[in-house]
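**Q** structure here, sequence nowhere to be found:
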C-alpha cells in the first residue's frame, strides 16, 4: 500500500508543480477582427420562458453587426415562443431575429440535436458563414461573438467553443459544479483539443462557433443524430474530418441555470455519464476504480494511515487541492471548497454508477419531459 501511495503522492506533486495552468486556460482573445461574414446564432429552446428574459437580450445586444438570432422552439409546453418574440421586438429589428419550429421528433434523434438541425437549415437560408450554437440559459457579454471570431482568425480555427462559467450559489453547487469543470478539463485537456494531431476532441455546448462549411463536411447534424452528449460528439465528428478545434474559457459566457439541490445535479450528471464511457462496462469498472484510487485513497491514508503512508497521503491530498484551487476561484467560490474535492469525487463516482444502472434498466437518458429508451 505504501508503494501505491508513494506513486500517487509523487504523481500529484509533480502535477501540481509542473503542469501548465490548463484548468483556466486558454482564454478567448480580445475583440478586433475584420468582417467575417454573416453569423447566425442557433438557440434550441424547450420550456425556457423563465430563462429567456435574462439571456436573450444579451444575445441580441452583441456588438458584432452581421448577426441573426434564430430561436428554435423545441415543442415547448410553456410560452417560450411568445416570450422570445416579445423580447425581440424590444431589442432587435425584424431582420435580426426569428422563431422557427421543428417538425415532430422522429425516431433515432435526440430532441436538442433535432432542434439544432432545424436551426442550421434556417441559418443556411440566411447565408450564414458561421453558425453560433448557444443555449437558452447562457448569458453572453456584448463582445463574446467578436472574441469568438477573433480567436478563430488568430488561431486559424473553424470550431471555437467556450466552457461557460456555471451557476454556483447553493452549497451543493459550490461542492459539485467546480468539480464538474475540473473533471471535464482533465478528461479533455484543452491544449490537446486544440492540437490538430491529437485525437482528443471536445466542446462545450453552451457556446460553439462552427464554420458552415465544416458542418457541411461532416454531413450536418445528421452525423450526431443520436448523441446524448451532443457537444462532444459534434467536436469529435468535426475533428475526424479535419476540423480545427479550440476550447477555452471566458467569464463573459455565464450559465443562468441553477441546480440548488443534490438531486438536480445528480440527474444532470447521471443522464449522460455512462454515455461518456460509451456504455462500456469494462470502462465503467476502470473509471470507478480509478476515481476511488486517485481521489479517495490518499485522503483516507492522510487521516487514517500511519508512517510513510500517512505522509504520502497528505502530499497527494494537498497537491490535488492545489490543482483545484484555480477552478474554485474562477467560479467565485471560497477557497475552502477546494478541500472538498474528494467528497465531490465520491459523489461523481456514485453518479456515474447510477447512470449505468439507469441504462441497464432501459433508460438511455431523460431530460425536460422526454425519456429516451435503450433500443433493442
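**A** That came through fine. Since the structure is predicted, the reported quantities are computational estimates derived from the model, not experimental observations.
**Q** quick one: contacts of stretch 250-268?
**A** Where contact means CB atoms under 8 Å, 6 or more residues apart in numbering, the residues beyond stretch 250-268 that reach it are 27-28, 51, 54-55, 137-141, 143-144, 147, 162-167, 169-170, 172-173, 176-177, 206-207, 330, 347, 351, 354, 366. In short, each C-beta sits where N, CA and C put it, glycine included.
**Q** give me the buried entries from these.
**A** 28, 51, 55, 137-141, 143-144, 147, 162-167, 170, 172-173, 176-177, 206-207, 330, 347, 351, 354 (16 or more other CB atoms under 10 Å).
**Q** check the gap between residue 245 and residue 196 for me.
**A** To residue 196, residue 245 is 8 Å away according to CB to CB, to the nearest Å.
**Q** which of the two has more residues huddled nearby?
**A** Comparing residue 245 with residue 196 by neighbour count (other CB atoms under 10 Å), the higher total belongs to residue 245, at 28 against 11.
**Q** what's the neighbour count on the residue nearest to the more buried one when sequence neighbours are not counted?
**A** Distances taken as CB to CB, 6 or more residues apart in numbering put residue 159 closest to residue 245, at 4.7 Å, once the chain neighbours are dropped. Here the number of neighbours of residue 159 (other CB under 10 Å) works out to 23.
**Q** ok, residue 159 - contacts?
**A** Contacts for residue 159 (CB under 8 Å, 6+ apart) come out as 203, 208-211, 214, 235, 238-239, 243-246.
**Q** and the furthest pair within those?
**A** Pairwise distances across these (CB to CB) peak at 15.1 Å, for the pair 209 and 239.
**Q** more crowded one of these two?
**A** Between residue 209 and residue 239, residue 209 has the larger neighbour count (other CB under 10 Å), namely 27 against 22.
**Q** secondary structure class for the more buried one?
**A** At residue 209, secondary structure determined by DSSP: H, G, I helix; E, B strand; the rest coil is strand.
**Q** ok, residue 319 touching residue 18?
**A** No - when contacts are counted by CB atoms under 8 Å, residue 319 is not listed as touching residue 18 (11.1 Å).
**Q** dead centre of the chain: give me the residue that sits there.
**A** residue 204 (3.4 Å; CA atoms, centre = their mean).
**Q** gap between residue 143 and residue 28?
**A** As judged by CB to CB, residue 143 and residue 28 stand 9 Å apart.
**Q** what's the local residue count around residue 310?
**A** Burial of residue 310, expressed as a neighbour count using other CB under 10 Å, amounts to 16.
**Q** list the contacts of it.
**A** For residue 310, the contact set (CB under 8 Å, 6+ apart) comprises 301-302.
**Q** helix or strand for it, which one?
**A** In this assignment (DSSP states H and E), residue 310 forms part of helix 307-330.
**Q** quick check: mean pLDDT of that helix?
**A** Averaged over helix 307-330, pLDDT sits at 94.
**Q** buried ones in it?
**A** With the criterion 16+ other CB under 10 Å, helix 307-330 contains buried residues 309-321, 323-330.
**Q** and if you look at stretch 184-192?
**A** Going by neighbour count (16+ other CB under 10 Å), the buried part of stretch 184-192 is 184-185, 188-190, 192.
**Q** now for those residues: which two are most distant?
**A** For the buried residues of stretch 184-192, the farthest-apart pair by CB to CB is 184 and 192; their separation is 12.8 Å.
**Q** how about low-confidence regions in this protein?
**A** Segments of the chain classed as low confidence (criterion: pLDDT under 70) are 20-24, 33, 376.
**Q** nothing else from me, thank you.
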